[in-house]
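*Asks:* build me a model:
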Amino acid sequence: MILSKSCEYAIRATVYIAYRSHKGSKAGIIEISEAIGAPMHFVGKILQALSRKGVISSAKGPNGGFFIDDPKTVHLIEIVRAVDGNDLFSACVMGLKTCSDIKPCPMHHQIKPIRTQLLIEFSKKSVFEMVRDFEENKYFLK
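*Replies:* Model prediction:
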């Protein structure tokens, strides 16, 4: 597991919200938590964080819910950074504070290219592409 459980849920929730936004509607917290198979209170906290960071938007009222104006502009990297921060791409895999190219830990040179590739892939992949992939495979979450 590379990502935290919170981040996994955040990605699934954001992709679901993008799916609903693409279909022209907003999604409520109960619907989202059921669709992604996650506890509602946990999803609520995640959605608050994503909203605060500008990854998703929300509207109150009878026609309210969560939405994304343009799912093509939201990339996985934004979700990962909003929930887990940048540590996946920069922190020492062994948890050492002094790990760097100059003073590497025993795993530094093996992990660095993997991290770089993850950063590239997460930066390229939009949530809209994820929605499209899920629709093509007739698979939606849970």
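
*Asks:* and the strands in the protein?
*Replies:* Ranges of strands in the chain, per DSSP state E, are 57-59, 65-67.

*Asks:* could you dump these into JSON lines and include mean neighbour count, mean pLDDT and distance to Asp101?
*Replies:* All C-beta spots, glycine's among them, are computed from the backbone N, C-alpha and C. As requested, the strands of the chain are exported to JSON lines (neighbours: other C-beta atoms under 10 Å; pLDDT from 0 to 100; distance: least, C-beta to C-beta, whole Å):
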{"stretch": "strand 57-59", "mean neighbour count": "14", "mean pLDDT": "94", "distance to Asp101": "39"}
{"stretch": "strand 65-67", "mean neighbour count": "20", "mean pLDDT": "96", "distance to Asp101": "41"}
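
*Asks:* can you put those strands in a markdown table and add distance to Glu121?
*Replies:* Compiled in a markdown table, these are given as follows (distance: least, C-beta to C-beta, whole Å):
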| stretch | distance to Glu121 |
| --- | --- |
| strand 57-59 | 25 |
| strand 65-67 | 25 |
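
*Asks:* those strands: which one's closest to Met94?
*Replies:* strand 65-67 (37.5 Å; C-beta to C-beta).

*Asks:* remind me which residues of the protein are low pLDDT?
*Replies:* Residue ranges of the chain with pLDDT under 70: 1, 138-142.

*Asks:* related to what we said a few turns ago, and of the strands of the chain, who's closest to Lys5?
*Replies:* Evaluated over those, closeness to Lys5 peaks at strand 65-67, with 19.6 Å, by C-beta to C-beta.

*Asks:* off-centre distance for that closest one?
*Replies:* On the basis of C-alpha atoms, centre = their mean, to the nearest Å, strand 65-67 sits 16 Å off its chain's mean C-alpha point.

*Asks:* please renumber so the chain begins at 28
*Replies:* With 28 as the first residue, the last one maps to strand 92-94.

*Asks:* name the helices or strands packed onto that strand?
*Replies:* Judged by 3 or more C-beta pairs under 8 Å, 6 or more residues apart in numbering; DSSP states H and E, the packing partners of strand 92-94 are helix 32-49, helix 56-63, strand 84-86.
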